[in-house]
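*Asks:* Any chance you can model this:
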Amino acid sequence: AFFANKVEHESRHCNGKGLQRQGSSSFDRVYTANQNCGHAYPTFLAVLWCAGLLCSQAPAAFAGLMYLFVRQKYFVGYLGERTQSTPGYLFGKRIILFLFLMSVAGILNYYLIFFFGSDFEIHIKTITSAISPLLLIP
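*Replies:* Numbering: from 1, shown residues only. Below you'll find the predicted structure:
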């Protein structure tokens, strides 16, 4: 909602009438940042849900909250200069990778239980809980 509100505000500020693509460079930056965030959101939701359901809910929820803050940083950085958005983008990629690896670990654990009867769920939850605070390191 914040991103869409910024696009609408910038559109009205630059053009005076509804949402139009032609505008100032500030409108183009806001519009592009909004589109980038919108395109990354389905991937984020998929890996967040898979990591939470298949591995561990607490580290997945923590990583999800961190991702939302990082996307905010990316968006605000994109409003200034595009180079200011790079740290938020790279940090977001790292969080998505962490969630993806949690999902893969959960799937591997399921197949280990199914084929070999070995359950490593406690070990996986311990490792992901220990690693998730490391996401705070920039």
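
*Asks:* Okay, residue 48 and residue 66: tell me how far apart.
*Replies:* According to CB to CB, to the nearest Å, residue 48 stands 11 Å off from residue 66. Where C-beta positions appear, they are placed from N, C-alpha and C, glycine not excepted.

*Asks:* Could you list every helix and strand that the helix or strand bottoming out on mean pLDDT in the chain packs against?
*Replies:* In the chain, the helix or strand scored least confidently by mean pLDDT, DSSP states H and E is helix 2-15, which has a mean of 70. Counting contacts by 3 or more CB pairs under 8 Å, 6 or more residues apart in numbering; DSSP states H and E, helix 2-15 packs against helix 25-54, helix 57-80.

*Asks:* let's see 6 Å
*Replies:* Helices and strands touching helix 2-15, by 3 or more CB pairs under 6 Å, 6 or more residues apart in numbering; DSSP states H and E, are helix 25-54.

*Asks:* so what does the helix it packs on touch, helix or strand wise?
*Replies:* Short answer (3+ CB pairs under 6 Å, 6+ apart): helix 25-54 packs on helix 2-15, helix 57-80, helix 86-116.

*Asks:* would you list the ones you listed in a markdown table and tack on mean neighbour count and distance to residue 129?
*Replies:* What follows is these, written out as a markdown table (neighbours: other CB atoms under 10 Å; distance: least, CB to CB, whole Å):
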| stretch | mean neighbour count | distance to residue 129 |
| --- | --- | --- |
| helix 2-15 | 15 | 30 |
| helix 57-80 | 18 | 5 |
| helix 86-116 | 16 | 11 |
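
*Asks:* Need these in JSON lines (columns: distance to residue 124).
*Replies:* Compiled in JSON lines, the helices and strands packed on helix 25-54 are given as follows (distance: least, CB to CB, whole Å):
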{"stretch": "helix 2-15", "distance to residue 124": "34"}
{"stretch": "helix 57-80", "distance to residue 124": "10"}
{"stretch": "helix 86-116", "distance to residue 124": "5"}
